[in-house]
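In: my questions concern the predicted model and sequence given below.
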Amino acid sequence: MKAKNYYQLLTTSVLWGSSFILIKFSLKELDPYQIAFFRTFIGMLFINLLYKNKVKFSFKSHLRLTIIGIIWMTLPFYFFAKAEETIDASLAGLINGSTPIFVSLIAVIFFKQRISNLQKIYLFTGFIGIYLVSFGYTILNFEINVGTMLSITASICYAIALNIIQPLLGEYASMDVLKVALRYGAFFSFLLFIFNSNFVFPKLPSTLLSILILGIGSSGVAFMTFYKLINDVGTIIGSITVYIIPVFASIFGFIFFQEVTSLVQIFGILVIVYSAFKFSRT
(Lines give C-alpha, C1' and ligand atoms only; values in the text may rest on other atoms or scores of the structure.)
Protein backbone atom coordinates (compact mmCIF):
# COMPACT_ATOMS: atom_id res chain seq x y z
CA MET A 1 0.00 0.00 0.00
CA LYS A 2 1.03 3.59 -0.60
CA ALA A 3 1.22 6.30 2.06
CA LYS A 4 -2.16 7.72 1.01
CA ASN A 5 -3.76 4.30 1.52
CA TYR A 6 -2.56 4.18 5.13
CA TYR A 7 -4.01 7.66 5.57
CA GLN A 8 -7.34 6.46 4.12
CA LEU A 9 -7.30 3.41 6.40
CA LEU A 10 -6.49 5.42 9.52
CA THR A 11 -8.97 8.22 8.75
CA THR A 12 -11.85 5.80 8.15
CA SER A 13 -11.10 3.73 11.25
CA VAL A 14 -10.72 6.76 13.53
CA LEU A 15 -13.92 8.44 12.30
CA TRP A 16 -16.05 5.31 12.53
CA GLY A 17 -14.41 4.26 15.80
CA SER A 18 -15.02 7.69 17.34
CA SER A 19 -18.70 7.70 16.35
CA PHE A 20 -19.64 5.71 19.46
CA ILE A 21 -18.09 8.18 21.89
CA LEU A 22 -19.61 11.08 19.93
CA ILE A 23 -23.05 9.48 20.35
CA LYS A 24 -22.38 9.30 24.11
CA PHE A 25 -21.56 13.01 24.20
CA SER A 26 -24.67 13.83 22.15
CA LEU A 27 -26.93 11.88 24.52
CA LYS A 28 -26.26 14.49 27.22
CA GLU A 29 -28.61 16.84 25.38
CA LEU A 30 -30.33 14.95 22.55
CA ASP A 31 -32.42 11.79 22.35
CA PRO A 32 -31.66 8.87 19.98
CA TYR A 33 -34.21 10.04 17.36
CA GLN A 34 -32.63 13.47 17.21
CA ILE A 35 -29.10 12.07 17.01
CA ALA A 36 -29.99 9.68 14.18
CA PHE A 37 -31.73 12.43 12.20
CA PHE A 38 -29.00 15.09 12.60
CA ARG A 39 -26.27 12.57 11.81
CA THR A 40 -27.94 11.32 8.62
CA PHE A 41 -29.17 14.72 7.45
CA ILE A 42 -25.80 16.46 7.88
CA GLY A 43 -24.00 13.55 6.17
CA MET A 44 -26.50 13.66 3.30
CA LEU A 45 -26.01 17.41 2.80
CA PHE A 46 -22.22 17.06 2.90
CA ILE A 47 -22.02 14.24 0.35
CA ASN A 48 -24.65 15.68 -2.00
CA LEU A 49 -22.98 19.10 -2.05
CA LEU A 50 -19.66 17.48 -2.95
CA TYR A 51 -21.04 15.10 -5.60
CA LYS A 52 -23.55 16.98 -7.75
CA ASN A 53 -23.41 14.84 -10.90
CA LYS A 54 -26.81 13.42 -11.81
CA VAL A 55 -27.16 9.67 -12.36
CA LYS A 56 -30.34 7.98 -13.50
CA PHE A 57 -31.17 4.92 -11.41
CA SER A 58 -33.70 2.30 -12.49
CA PHE A 59 -36.88 1.80 -10.46
CA LYS A 60 -35.49 -1.48 -9.11
CA SER A 61 -32.29 0.26 -8.05
CA HIS A 62 -34.29 2.95 -6.26
CA LEU A 63 -36.11 0.26 -4.31
CA ARG A 64 -32.78 -1.23 -3.26
CA LEU A 65 -31.45 2.21 -2.37
CA THR A 66 -34.53 2.83 -0.24
CA ILE A 67 -33.92 -0.40 1.69
CA ILE A 68 -30.22 0.44 2.02
CA GLY A 69 -31.02 3.93 3.32
CA ILE A 70 -33.30 2.45 5.99
CA ILE A 71 -31.17 -0.47 7.17
CA TRP A 72 -27.73 1.07 6.64
CA MET A 73 -28.46 4.51 8.09
CA THR A 74 -31.91 5.17 9.58
CA LEU A 75 -32.29 2.10 11.81
CA PRO A 76 -28.71 1.33 12.92
CA PHE A 77 -27.94 4.99 13.66
CA TYR A 78 -31.00 5.05 15.92
CA PHE A 79 -30.30 1.60 17.42
CA PHE A 80 -26.75 2.48 18.43
CA ALA A 81 -27.84 5.80 19.95
CA LYS A 82 -30.63 4.07 21.88
CA ALA A 83 -28.26 1.29 22.96
CA GLU A 84 -25.77 3.73 24.46
CA GLU A 85 -28.40 4.94 26.90
CA THR A 86 -27.76 1.70 28.81
CA ILE A 87 -24.33 0.40 27.69
CA ASP A 88 -20.83 1.83 27.30
CA ALA A 89 -19.78 3.40 24.02
CA SER A 90 -16.80 1.04 23.86
CA LEU A 91 -19.08 -2.02 24.16
CA ALA A 92 -21.25 -0.73 21.30
CA GLY A 93 -18.09 -0.32 19.23
CA LEU A 94 -16.90 -3.82 20.07
CA ILE A 95 -20.25 -5.33 19.09
CA ASN A 96 -20.07 -3.38 15.82
CA GLY A 97 -16.95 -5.41 15.11
CA SER A 98 -19.22 -8.45 14.64
CA THR A 99 -20.55 -7.04 11.35
CA PRO A 100 -18.24 -9.12 9.07
CA ILE A 101 -19.49 -12.36 10.66
CA PHE A 102 -23.10 -11.34 10.12
CA VAL A 103 -22.28 -10.33 6.53
CA SER A 104 -20.98 -13.84 5.89
CA LEU A 105 -23.93 -15.54 7.61
CA ILE A 106 -26.53 -13.52 5.68
CA ALA A 107 -24.72 -14.17 2.41
CA VAL A 108 -24.97 -17.90 3.12
CA ILE A 109 -28.58 -17.97 4.34
CA PHE A 110 -30.33 -15.44 2.11
CA PHE A 111 -28.04 -15.08 -0.90
CA LYS A 112 -27.17 -18.78 -1.17
CA GLN A 113 -23.42 -18.31 -1.04
CA ARG A 114 -21.83 -21.77 -1.00
CA ILE A 115 -19.19 -22.28 1.67
CA SER A 116 -16.86 -25.07 2.70
CA ASN A 117 -16.96 -27.01 5.95
CA LEU A 118 -13.91 -25.06 7.11
CA GLN A 119 -15.77 -21.79 6.55
CA LYS A 120 -18.68 -23.14 8.61
CA ILE A 121 -16.22 -23.65 11.48
CA TYR A 122 -15.03 -20.03 11.14
CA LEU A 123 -18.65 -18.83 11.26
CA PHE A 124 -19.17 -20.85 14.43
CA THR A 125 -16.04 -19.50 16.12
CA GLY A 126 -17.05 -16.00 15.01
CA PHE A 127 -20.31 -16.31 16.93
CA ILE A 128 -18.42 -17.54 19.97
CA GLY A 129 -16.45 -14.30 19.76
CA ILE A 130 -19.67 -12.25 19.48
CA TYR A 131 -21.01 -13.97 22.60
CA LEU A 132 -17.81 -13.29 24.55
CA VAL A 133 -17.83 -9.60 23.56
CA SER A 134 -21.50 -9.18 24.43
CA PHE A 135 -22.02 -11.40 27.48
CA GLY A 136 -18.63 -12.54 28.81
CA TYR A 137 -17.70 -16.03 29.98
CA THR A 138 -21.13 -16.91 31.41
CA ILE A 139 -22.22 -20.22 29.89
CA LEU A 140 -25.89 -19.27 29.65
CA ASN A 141 -26.55 -15.58 30.19
CA PHE A 142 -30.26 -14.86 30.19
CA GLU A 143 -29.88 -11.36 31.65
CA ILE A 144 -29.72 -9.76 28.23
CA ASN A 145 -29.25 -6.00 28.26
CA VAL A 146 -31.51 -4.14 25.84
CA GLY A 147 -28.59 -1.98 24.72
CA THR A 148 -26.55 -5.05 23.85
CA MET A 149 -29.36 -6.51 21.75
CA LEU A 150 -29.93 -3.18 19.98
CA SER A 151 -26.22 -3.02 19.10
CA ILE A 152 -26.31 -6.57 17.73
CA THR A 153 -29.45 -5.70 15.74
CA ALA A 154 -27.70 -2.62 14.32
CA SER A 155 -24.74 -4.78 13.24
CA ILE A 156 -27.14 -7.20 11.54
CA CYS A 157 -28.71 -4.23 9.71
CA TYR A 158 -25.27 -3.21 8.44
CA ALA A 159 -24.63 -6.78 7.30
CA ILE A 160 -27.90 -6.99 5.33
CA ALA A 161 -27.24 -3.62 3.69
CA LEU A 162 -23.71 -4.60 2.68
CA ASN A 163 -25.05 -7.70 0.94
CA ILE A 164 -27.77 -5.74 -0.88
CA ILE A 165 -25.44 -2.96 -1.97
CA GLN A 166 -22.94 -5.23 -3.75
CA PRO A 167 -24.81 -5.48 -7.10
CA LEU A 168 -25.35 -1.70 -7.14
CA LEU A 169 -21.64 -1.02 -6.66
CA GLY A 170 -20.96 -3.18 -9.70
CA GLU A 171 -23.35 -1.10 -11.79
CA TYR A 172 -22.95 2.45 -10.45
CA ALA A 173 -20.16 4.57 -8.95
CA SER A 174 -19.89 4.11 -5.18
CA MET A 175 -20.41 7.78 -4.34
CA ASP A 176 -23.51 7.98 -6.55
CA VAL A 177 -24.96 5.04 -4.65
CA LEU A 178 -24.01 6.56 -1.30
CA LYS A 179 -25.47 10.01 -1.93
CA VAL A 180 -28.86 8.64 -2.99
CA ALA A 181 -28.93 6.09 -0.13
CA LEU A 182 -28.23 8.95 2.28
CA ARG A 183 -31.20 10.87 0.86
CA TYR A 184 -33.52 7.97 1.64
CA GLY A 185 -31.84 7.45 5.01
CA ALA A 186 -32.31 11.13 5.91
CA PHE A 187 -35.96 11.03 4.81
CA PHE A 188 -36.87 8.02 6.95
CA SER A 189 -34.77 9.34 9.87
CA PHE A 190 -36.83 12.52 9.62
CA LEU A 191 -40.07 10.51 9.77
CA LEU A 192 -38.89 8.66 12.89
CA PHE A 193 -37.77 11.94 14.42
CA ILE A 194 -40.87 14.01 13.62
CA PHE A 195 -43.32 11.43 14.99
CA ASN A 196 -41.36 10.51 18.12
CA SER A 197 -39.45 13.57 19.25
CA ASN A 198 -39.25 17.37 19.27
CA PHE A 199 -36.93 19.63 17.34
CA VAL A 200 -34.08 20.66 19.60
CA PHE A 201 -31.03 22.46 18.27
CA PRO A 202 -27.88 21.52 20.20
CA LYS A 203 -26.94 24.24 22.70
CA LEU A 204 -23.90 22.74 24.39
CA PRO A 205 -20.66 23.21 22.38
CA SER A 206 -19.72 19.56 23.01
CA THR A 207 -23.08 18.34 21.63
CA LEU A 208 -22.97 20.56 18.55
CA LEU A 209 -19.38 19.56 17.81
CA SER A 210 -20.20 15.87 18.30
CA ILE A 211 -23.18 16.04 15.92
CA LEU A 212 -21.17 17.89 13.26
CA ILE A 213 -18.35 15.33 13.44
CA LEU A 214 -20.87 12.49 13.35
CA GLY A 215 -22.55 13.93 10.28
CA ILE A 216 -19.64 15.32 8.29
CA GLY A 217 -17.02 12.86 9.53
CA SER A 218 -18.64 9.49 10.24
CA SER A 219 -21.45 9.76 7.67
CA GLY A 220 -19.48 11.75 5.09
CA VAL A 221 -15.69 11.76 5.03
CA ALA A 222 -15.36 8.21 6.39
CA PHE A 223 -17.46 6.79 3.55
CA MET A 224 -15.39 8.69 0.96
CA THR A 225 -12.03 7.54 2.32
CA PHE A 226 -13.33 3.98 2.72
CA TYR A 227 -14.49 3.71 -0.90
CA LYS A 228 -11.29 5.32 -2.18
CA LEU A 229 -9.32 2.77 -0.16
CA ILE A 230 -11.37 -0.07 -1.65
CA ASN A 231 -10.79 1.30 -5.16
CA ASP A 232 -7.04 1.55 -4.55
CA VAL A 233 -6.23 -1.70 -2.72
CA GLY A 234 -9.30 -3.96 -3.08
CA THR A 235 -11.90 -5.26 -0.66
CA ILE A 236 -9.76 -7.77 1.27
CA ILE A 237 -7.17 -5.24 2.40
CA GLY A 238 -9.82 -2.51 2.68
CA SER A 239 -11.83 -4.67 5.05
CA ILE A 240 -9.05 -4.27 7.64
CA THR A 241 -10.79 -0.98 8.43
CA VAL A 242 -13.73 -2.83 9.96
CA TYR A 243 -11.41 -4.80 12.23
CA ILE A 244 -9.67 -1.68 13.57
CA ILE A 245 -12.87 0.20 14.46
CA PRO A 246 -13.40 -1.62 17.82
CA VAL A 247 -9.84 -0.76 18.83
CA PHE A 248 -10.44 2.98 18.43
CA ALA A 249 -13.89 2.68 20.03
CA SER A 250 -12.26 1.17 23.13
CA ILE A 251 -9.45 3.75 23.19
CA PHE A 252 -11.83 6.71 22.93
CA GLY A 253 -14.19 5.18 25.50
CA PHE A 254 -11.33 4.88 27.99
CA ILE A 255 -9.94 8.38 27.32
CA PHE A 256 -13.22 10.30 27.58
CA PHE A 257 -15.41 8.18 29.88
CA GLN A 258 -12.91 5.88 31.62
CA GLU A 259 -14.68 2.84 30.14
CA VAL A 260 -12.65 -0.30 30.68
CA THR A 261 -12.65 -3.13 28.13
CA SER A 262 -12.29 -6.50 29.85
CA LEU A 263 -9.82 -9.19 28.81
CA VAL A 264 -12.80 -11.37 27.88
CA GLN A 265 -14.05 -8.75 25.44
CA ILE A 266 -10.59 -8.24 23.97
CA PHE A 267 -10.29 -11.99 23.45
CA GLY A 268 -13.78 -12.07 21.92
CA ILE A 269 -13.04 -9.35 19.38
CA LEU A 270 -9.78 -11.10 18.44
CA VAL A 271 -11.76 -14.30 17.82
CA ILE A 272 -14.23 -12.36 15.64
CA VAL A 273 -11.49 -10.67 13.62
CA TYR A 274 -9.58 -13.91 13.10
CA SER A 275 -12.71 -15.86 12.14
CA ALA A 276 -13.97 -13.21 9.70
CA PHE A 277 -10.54 -12.80 8.12
CA LYS A 278 -10.02 -16.56 7.69
CA PHE A 279 -13.57 -16.96 6.35
CA SER A 280 -12.96 -14.34 3.66
CA ARG A 281 -9.58 -15.82 2.70
CA THR A 282 -10.65 -19.48 2.63
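Out: Nice, thanks for sending it over.
In: strands along the stretch 51-200 of the chain, start to end?
Out: Using DSSP state E, counting those that start in this stretch, no strands are found in the stretch 51-200 of the chain.
In: shaky segments in it?
Out: Applying pLDDT under 70 to the stretch 51-200 of the chain picks out residues 137-144.
In: what comes up buried for the helix ranked longest in the chain?
Out: Longest helix in the chain, counting residues (DSSP state H): helix 146-171. By 16 or more other CB atoms under 10 Å, the buried positions in helix 146-171 come out as 147-148, 150-165, 168-169. Just so you know, the C-beta spots here come from the backbone N, C-alpha and C atoms, and that holds for glycine as well.
In: how about stretch 2-18?
Out: In stretch 2-18, counting by 16+ other CB under 10 Å, buried: Asn5, Gln8, Leu9, Thr11, Thr12, Ser13, Val14, Leu15, Trp16, Gly17, Ser18.
In: now stretch 109-123
Out: For stretch 109-123, by 16+ other CB under 10 Å, it's Gln119, Tyr122, Leu123.
In: stretch 179-189 now?
Out: Residues of stretch 179-189 classed as buried by neighbour count (16+ other CB under 10 Å): Lys179, Val180, Ala181, Leu182, Arg183, Tyr184, Gly185, Ala186, Phe187, Phe188, Ser189.
In: how about the fourth one: what's its closest non-neighbour residue?
Out: Computed as CB to CB, 6 or more residues apart in numbering, the closest residue to Leu182 that is not its neighbour in sequence is Met44, at 3.9 Å.
In: that neighbour contacts Val180, correct?
Out: No - in this structure, Met44 is not within contact of Val180 by CB atoms under 8 Å, at 9.6 Å.
In: need the pLDDT of Thr241.
Out: If you check Thr241, the pLDDT there is 82.
In: tell me which element the nearest residue to it once chain neighbours are set aside is part of?
Out: Closest residue in space to Thr241, ignoring its immediate chain neighbours: Thr12 at 4.8 Å, by CB to CB, 6+ apart. For Thr12, the host element (DSSP states H and E) is helix 3-26.
In: can you state the direction angle for that helix and helix 146-171?
Out: Helix 3-26 runs at 140 degrees relative to helix 146-171, counting by axes from the mean of the first three to the mean of the last three CA atoms, to 10 degrees.
In: now helix 3-26: mean pLDDT?
Out: Averaging pLDDT along helix 3-26 gives 92.
In: give me the helices and strands touching the helix or strand that it is followed by, please.
Out: Later in the chain than helix 3-26, the nearest helix or strand by DSSP H and E is helix 32-50. On a contact count with 3 or more CB pairs under 8 Å, 6 or more residues apart in numbering; DSSP states H and E, helix 32-50 meets helix 75-83, helix 174-196, helix 205-212, helix 222-233.
In: and helix 32-50, which residues are buried?
Out: By 16+ other CB under 10 Å, the buried positions in helix 32-50 come out as 32-48.
In: on that earlier part again, what angle do the longest helix of the chain and helix 75-83 make?
Out: When the same axes, to 10 degrees is applied, the directions of helix 146-171 and helix 75-83 differ by 160 degrees.
In: who does helix 146-171 touch, helix- and strand-wise?
Out: helix 59-68, helix 75-83, helix 89-96, helix 99-109, helix 117-135, helix 174-196.
In: need the contact partners of the shortest one.
Out: Residues outside helix 89-96 that contact it (CB atoms under 8 Å, 6 or more residues apart in numbering): 17, 20-21, 23-24, 80, 83-84, 130, 133-134, 147-148, 151-152, 154-155, 158, 245-246, 248-250, 252-254, 257, 259, 261, 265, 268-269.
In: ok, of the residues you listed, which come out buried?
Out: If we count by 16+ other CB under 10 Å, the contacts of helix 89-96 have these buried: 17, 20-21, 23-24, 80, 83-84, 130, 133-134, 147-148, 151-152, 154-155, 158, 245-246, 248-250, 252-254, 259, 261, 265, 268-269.
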